[in-house]
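Undergrad: could you work out the structure for the sequence below:
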Amino acid sequence: MISATVAFAGDVQPLMVQRGKLLLDESFAAALNTNNWKVAIGAWQTENGVLAGTERPADHHAAVIKTPFTSITAVVQFSFLLKGDSSFHFSVNDPGGHNSRISIRANSVMMRKDLDKKDPRSYAALLDETGASLAPDKWHTMIVELNGAEMLARVDDTIFVYGSHPGINKEKKDFGFPVMGAALFDNVKIWSATPSPNWASEKAKLLARQSARPAIDRSGNPTEAYQVVEVKVRDRLVKSDAKFKSLVDARATIQESISKAFPIVNRKGPKADAEKKRLAGEDDKYKKLMADLRVAQRNEREYLFAQAPEVKKAWEAFFAANQAKAKAAKK
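TA: Here you go, the predicted structure:
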């Protein structure tokens, strides 16, 4: 049975923008409106006035539901409840694919600009992150503001993440809720918006709080520790290091050659896997390109490690943890 009790924190006022026209007001009081919501994967249902999303193990993918969303400047507000140790993303997509996201866990909130999977030179950028203490099985309220290249998200009007990236400043296609585990949602509202004249002063206050935050302790999560430090250093080097940019371009050029000559590499599924296995064993051109790619990837990785030893250290811990996990699985 889905709980219908929603501890909605009321109307949270935006800081970066001013609300305009109400574009969506969804209380999930009836059956799911398929004109507004499209289930991509997973189990989704409405009951007692809330929307429940549950990841299905057989899918090997987070449960995902989406609703149309095109605005560059807008406000989105909703309530959510995490079941147990579950998590979810507020994921914004543009016509080219994933654009940006806010990742919500009980102990952290993270803002990221997604990479463009069609562009091998693209990379994800971690825009902001903060520790959190979101009680599971309790309702919380989240407000997300977008204005051009800027994004601001607040949970319960106390926790916030803020960031800016030129890739965010484009027309959107939709936003979705990818759910890892199980989560409930309610009172989803979208407004058009205009920039707030008070944003400069509000932004200064948030940036001061942002700079004073303690780092998140990831000592117990070597996978995420490596991913986060690698993303941060890659972002810095791509913007400032010509040698690193040339290595990225060399690797990307080979990937583009592989994709053009063998489009199957971009597909998934048993048939695609079988064809890629056949190519690896029989096609000399494919084997040569893949060998060149491995060399280029190694060159890029080794240069990154040389410029940032902390990334190498995190990678070694990540690799060792995976090796230990694989060994334990064989016992």
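Undergrad: residue ranges with poor pLDDT in this structure?
TA: Scanning the chain for pLDDT under 70 picks out 1-10.
Undergrad: top helix in it by residue count?
TA: The longest helix of the chain (DSSP state H) is helix 284-307.
Undergrad: any chance you could list what contacts the helix or strand just after it?
TA: Using DSSP states H and E, the helix or strand that directly follows helix 284-307 along the chain is helix 309-330. Residues from elsewhere that reach helix 309-330 (Cβ atoms under 8 Å, 6 or more residues apart in numbering): Pro222, Thr223, Ala225, Tyr226, Val229, Glu230, Val233, Leu304, Phe305. No exception for glycine: its C-beta is placed from N, CA and C like everyone else's.
Undergrad: which of those fall within strands?
TA: Judged by DSSP state E, these include no members of strands.
Undergrad: buried ones among those residues?
TA: Pro222, Ala225, Tyr226, Val229, Glu230, Val233, Leu304, Phe305 (16 or more other Cβ atoms under 10 Å).
Undergrad: in a markdown table, list these along with distance to Ser196.
TA: Output for the buried ones among the contacts of helix 309-330, formatted as a markdown table (distance: Cβ to Cβ, whole Å):
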| residue | distance to Ser196 |
| --- | --- |
| Pro222 | 41 |
| Ala225 | 37 |
| Tyr226 | 38 |
| Val229 | 34 |
| Glu230 | 35 |
| Val233 | 34 |
| Leu304 | 39 |
| Phe305 | 44 |
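Undergrad: which pair of the residues you listed spans the longest distance?
TA: Pro222 and Leu304 (17.6 Å; Cβ to Cβ).
Undergrad: three-state assignment of Trp191?
TA: strand (DSSP: H, G, I helix; E, B strand; the rest coil).
Undergrad: ok, it to Val92 distance?
TA: 15 Å (Cβ to Cβ, to the nearest Å).
Undergrad: and these two? Which one has more around it.
TA: Val92 (24 against 21; other Cβ atoms under 10 Å).
Undergrad: ok, and what's touching the strand or helix carrying the more buried one?
TA: Assigned by DSSP H and E, Val92 belongs to strand 87-94. Residues from elsewhere that reach strand 87-94, judged by Cβ under 8 Å, 6+ apart: 53, 62, 64, 66, 69, 76, 80, 82, 98-106, 142, 144, 146, 153, 168, 170-181, 183.
Undergrad: selecting buried members of those residues in ChimeraX, what would you type?
TA: Buried members of these, identified by 16+ other Cβ under 10 Å, are gathered into one ChimeraX selection as follows:
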select :53,62,64,66,69,76,80,82,98,99,100,101,102,103,104,105,142,144,146,153,168,172,173,174,175,176,177,178,179,180,181,183
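Undergrad: residue nearest the centroid of the protein?
TA: Ranked by distance to the mean C-alpha position of the chain (Cα atoms, centre = their mean), the top residue is Arg101 at 4.2 Å.
Undergrad: surely that residue touches Leu115?
TA: No - the pair Arg101 and Leu115 fails to qualify as a contact (Cβ atoms under 8 Å) at a distance of 11.4 Å.
Undergrad: circling back: buried sites along the longest helix of the chain?
TA: Buried residues in helix 284-307, counted by 16+ other Cβ under 10 Å: Tyr286, Leu289, Met290, Asp292, Leu293, Ala296, Glu300, Arg301, Tyr303, Leu304, Phe305.
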